[in-house]
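A.B. asks: Would you be able to build a 3D model of this:
(one chain, ligands or ions: 1)
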Amino acid sequence: MDYRQLLEKAREALKFSYAPYSNLRVGAALLANGKTFLGANYECVSYGLSICAERSAIINANMAGATDIEAIAVVSDKGAITPCGACRQFIYEASMRCGRDIKVVFESESGIKIEIKRISELLPEAFGRA
Ligand code: THU
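C.D. replies: Here you go, the predicted structure:
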């Protein structure tokens with residue numbers, strides 16, 4: 001599975017998105033322990049309770065015992081997207097847990113290239129355990 005394929009898997013996850021309030025469908029796919037796991041955003045009428053696609057994918061993988069995360073890809077149905085601040089912190093937590101600087105894969109603004117950045121690059125000087 002290369003990272004372009006992982007991005008395509010994230011696109012498949014869009015069909016599981018439940019986003020009646022924002023109308024922004026977000027899909028994620030992660031590679032952990034040699035398998036792929038999907039996630040999608042899931043909203044709630046009390047908006048703050050909504051869950052992002054990336055966090056949904058990490059919990060999905062965890063429930064299958066897959067915590068050794070190599071990479072996570074994210075897409076939306078309305079163009080390029082990068083993980084929100086909360087998800088960056090959540091990915092950082094997963095990276096501390098498995099001891100890998102997780103790769104985050106997303107589309108470039110033009111939609112032609114794919115971008116691959118490490119979580120340490122997307123969340124520099126992250127808050128960690130004191
Ligand atoms: N969203 C994600 O799923 N991931 C992100 O990293 C950014 C935002 C979702 C949350 C909400 O359901 C919708 O996008 C609009 O903010």
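A.B. asks: element containing the residue nearest to the spatial centre of the chain, please.
C.D. replies: When CA atoms, centre = their mean is applied to the chain, the residue found nearest the centroid is E54 (3.0 Å). Counting by DSSP states H and E, the element that carries E54 is helix 53-63.
A.B. asks: In terms of secondary structure, what does that helix contact?
C.D. replies: If you count contacts as 3 or more CB pairs under 8 Å, 6 or more residues apart in numbering; DSSP states H and E, helix 53-63 packs onto helix 3-13, strand 26-32, strand 35-40, strand 69-76, helix 85-98. Using the backbone N, CA and C atoms, a C-beta is placed for each residue, glycine as well.
A.B. asks: Buried ones in it, by neighbour count?
C.D. replies: By 16 or more other CB atoms under 10 Å, the buried positions in helix 53-63 come out as A53, E54, R55, S56, A57, I58, N60, A61.
A.B. asks: May I see those organised as a markdown table, with distance to L123 and pLDDT added?
C.D. replies: A markdown table is the format used below for those (distance: CB to CB, whole Å; pLDDT from 0 to 100):
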| residue | distance to L123 | pLDDT |
| --- | --- | --- |
| A53 | 17 | 98 |
| E54 | 12 | 98 |
| R55 | 14 | 98 |
| S56 | 19 | 98 |
| A57 | 17 | 98 |
| I58 | 15 | 98 |
| N60 | 21 | 98 |
| A61 | 19 | 98 |
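A.B. asks: just these that are near the ligand?
C.D. replies: Of the residues in the buried residues of helix 53-63, proximity to the ligand by CB under 6 Å from any ligand atom holds for A53, E54.
A.B. asks: which among the buried residues of helix 53-63 gets closest to E93?
C.D. replies: Ranked by distance to E93 (CB to CB), the buried residues of helix 53-63 are led by I58 at 8.5 Å.
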